[in-house]
Every structure is written in C-alpha cells, then in structure tokens.
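*Asks:* pasting the sequence and the predicted coordinates here, then a few questions.
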Amino acid sequence: MYGEVKDPALNQSHNSAFRVGVFKAKLAGWISVLFFGGLSFWAYHDGEYGPILVFAVFILIGFILLLFSGNFSLSKDRLVHHTLFGTFAIRWEEVSRVEFGADGVTHVFYGRSKRFVIPDESLWSGSNKKIAAVIFYKGIEDLESKGIIPTYNKWAGYKIHKNTRIKNN
C-alpha cells in the first residue's frame, strides 16, 4: 500500500534508525514564549498586572512545547522519542492497538500497559523525513496485516507516553 523502500541509504543499513525533528512545534513554542513574554513585560511596565496571568498560561504552553518536542528515531524495529525529560520507546512487535486523533496529526501506539505518542509525518522535519515516513507507514501497514487496524479517538491528541521510558536524561 505505501510502496517499497527504494532509498539506497535504507537498503545499505538494514536496521538503521532515522531521526526526525518537529521544527514546527519548536517554532510555535518559541513564538509563544517570546510573544507572550514580551506582552507580559509591557503589561508589567504599564502597571497592568491582570493580563500577566493570562499571558503566563501561554508562556507555560510554549515552554511545554519546547521541552517535550525533542526528536524521534524510527527504525524497522522500534519508535523512539528523545526529549529533555528522557528517552521513550516502543517496539513494533509490542504494539497491540493504534489510534489516531481528531487533529489528524497524532498517532498513539499501545502495547501491554504502554502508550507511545508520535505526531504524523506532516509535522516532521529534517533530511531523513521521507525515509522515516516510509518506515513509519510500512510499520502501520505491517500492523494492519496482523489485524491491528488504526481507530479514531477524539482524545488521542491529548495523550502522553506511558510506561515507555527507557532512559532518564
């Protein structure tokens, strides 16, 4: 369905992991921190303290985006998320259920008492994006061939990793 991998780099190293970033999330985080930080500064300077509380919420959201975005490594064996809070991973063979969110850009992989969340390739960045996308969709295709069909969940976009930490940073 998604085609064969025809990239020579992928064929040379059978179990290579290809790393992708999420530049758009990091950019949104920086914009939120800088924009609302600037508004907070001006509000403080003008003696308007009430709006600072509202701006602080958006500054916090920006910091969360920056801290949790990290990078993803995809291979034929597993999915890995590298963040400042640790490294999270799930093996393809562990996956027993897959969900996608209402936002259309979130995939949630479930294993035995595990949950791994990854954005869709439309949010990925980096030179390995195309190869990683082929690996990702090939993995989903392999799951579908085992009878694990992705389902829709309107809350999938709000979930976080669970029991998938493999390293503390």
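*Replies:* Everything's here; your move.

*Asks:* which intervals of this structure have sub-threshold pLDDT?
*Replies:* Across the chain, the stretches falling below the confidence threshold (pLDDT under 70) are 1-15, 169.

*Asks:* ok, residue 70 touching residue 84?
*Replies:* Yes. With contacts defined as C-beta atoms under 8 Å, residue 70 counts as touching residue 84 at a distance of 7.0 Å. (Each C-beta comes from the backbone N, C-alpha and C, glycine too.)

*Asks:* show me where this protein has helices.
*Replies:* For the chain, helices defined by DSSP state H occupy the ranges 8-12, 23-45, 50-69, 129-145.

*Asks:* how far does the second one sit from the chain's center?
*Replies:* To tie it back to what came earlier, the one meant is helix 23-45. For helix 23-45, the distance between its averaged C-alpha position and the chain's averaged C-alpha position is 22 Å (C-alpha atoms, centre = their mean, to the nearest Å).

*Asks:* give me the more crowded residue out of residue 70 and residue 84.
*Replies:* More crowded of residue 70 and residue 84, by other C-beta atoms under 10 Å: residue 70, with 20 against 10.

*Asks:* next, format the helices of the chain as CSV and append distance to residue 90 and mean neighbour count.
*Replies:* Below are these laid out as CSV (distance: least, C-beta to C-beta, whole Å; neighbours: other C-beta atoms under 10 Å):
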stretch, distance to residue 90, mean neighbour count
helix 8-12, 21, 11
helix 23-45, 20, 15
helix 50-69, 17, 15
helix 129-145, 11, 17
